[in-house]
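Participant: Provide a 3D model corresponding to the input given below.
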Amino acid sequence: MSFVRSVLHMLWMVLTVIPWATVLIITSIFVRGDRLWAVAAGWLRCAIWGAKVILGIQVRVTGMEHLPVGKNSGAILLVKHQSTLETFLLPALMPHPLAYVFKKELLYVPFFGWSMARLDMIHIDRSLRARAFAKVVSQGKELLARGVWVIMFPEGTRIPRGQRGEYKSGGTRLAIQTGVPVYPIAVSSAKCWPRKAFVKHPGIVDVSIGPAISPEGRRPEEMIKEVEAWIEAEMHRLDPEAYALESHAPATGATSSP
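Facilitator: As a prediction, the model looks like this:
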């Protein structure tokens, strides 16, 4: 049954993303900023609705009270990355537009990537590390000043359930450069939507948002260790089954990010 549901969900994603992306690309000729983001967020909510109705995936969110309030309040979201689900889910949940920091190769994905190219996102060439981080800082400052929140996956890639990748300090370095706090977020998405798996399963995905971590007087390496400690402890709490036989070695396949 899970296989049939997964096939139907894939069809749902394909059939909705093509017309929605076409509308977004055409709309981007006339409007940008928050209004264009609203178009993109509409499809992401549609994708999450499909996951709920077709796949039977429910989402349970805690910690929203930790997020800042106010139109121009800044936030850098550092998120546990286990599957594609959180890339769709976080923009659908957050009260502000989000700017992902992502590898430029995603821009070539038909329709989905073309749409991302029209949004206020930060796409980088990971092979040019110093130049890539300079771009993250310059664009990040501009977007944060406009009330757009920056979202990053500090492990750099999707990590198998029950494992941890190497946490990179790009997000905390951005926080120190901009004076904007970071918010650690744990997501147990792999319980239902495993990494690189076609077949998804019904169940509950927990999203837990941690308190702000201020960059004032901090070093990026120190901050990212605090982020890692909070996220990984919360992952143990949210998904204890996955960590029963936990390996302490970093997950294989982790890639570097700025």
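Participant: For the rest of this, base every contact and every neighbour count on C-alpha atoms.
Facilitator: Will do.
Participant: all helices in the protein, in order from the N-terminus.
Facilitator: Listed in chain order, the helices of the chain (DSSP state H) span 2-27, 34-50, 85-93, 112-118, 129-145, 170-178, 220-238.
Participant: Distance check, Leu98 against Glu105.
Facilitator: With the distance defined as CA to CA, to the nearest Å, Leu98 ends up 19 Å from Glu105.
Participant: ok, those two, which is more surrounded?
Facilitator: More crowded of Leu98 and Glu105, by other CA atoms under 10 Å: Leu98, with 26 against 12.
Participant: returning to that earlier point: among the helices of the chain, which is the most enclosed?
Facilitator: Greatest average neighbour count among the helices of the chain goes to helix 170-178 (a mean of 23), per mean count of other CA atoms under 10 Å.
Participant: Tell me what angle it forms with helix 129-145.
Facilitator: Counting by axes from the mean of the first three to the mean of the last three CA atoms, to 10 degrees, helix 170-178 lies at 60 degrees to helix 129-145.
Participant: ok, now which ones touch Ser189?
Facilitator: Contact analysis of Ser189 by CA atoms under 8 Å, 6 or more residues apart in numbering lists Gln82, Ser83, Leu85, Glu86, Val205, Asp206.
Participant: One more pass at 6 Å, please.
Facilitator: Applying CA atoms under 6 Å, 6 or more residues apart in numbering, we find Ser189 in contact with Val205.
Participant: Same question for Ile213.
Facilitator: So Ile213 contacts Pro181, Val182 (CA under 6 Å, 6+ apart).
Participant: Look up which residues are beta-bridged to it.
Facilitator: Val182 (DSSP bridges).
Participant: so how far is Ser169 from it?
Facilitator: Distance from Ile213 to Ser169, by CA to CA: 14 Å.
Participant: Poorly predicted segments of the protein, please.
Facilitator: 245-258 (pLDDT under 70).
Participant: hmm, try it at 90
Facilitator: When residues are selected by pLDDT under 90, those of the chain lie in 1, 31-34, 69-73, 101-113, 116-117, 120-138, 156, 195-196, 243-258.
Participant: Spatially nearest residue to Phe3, not counting backbone neighbours?
Facilitator: Val199 (5.4 Å; CA to CA, 6 or more residues apart in numbering).
Participant: try Phe102
Facilitator: His123 (5.0 Å).
Participant: same deal with Pro211?
Facilitator: Pro211 sits nearest to His66 (CA to CA, 6+ apart), 5.2 Å away.
Participant: The one you found and Thr87: what is the separation?
Facilitator: 20 Å.
Participant: before we move on, back to that, and the helices of the chain as JSON lines, adding distance to Gly74?
Facilitator: Converted to JSON lines, these look like this (distance: least, CA to CA, whole Å):
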{"stretch": "helix 2-27", "distance to Gly74": "26"}
{"stretch": "helix 34-50", "distance to Gly74": "15"}
{"stretch": "helix 85-93", "distance to Gly74": "15"}
{"stretch": "helix 112-118", "distance to Gly74": "21"}
{"stretch": "helix 129-145", "distance to Gly74": "6"}
{"stretch": "helix 170-178", "distance to Gly74": "9"}
{"stretch": "helix 220-238", "distance to Gly74": "17"}
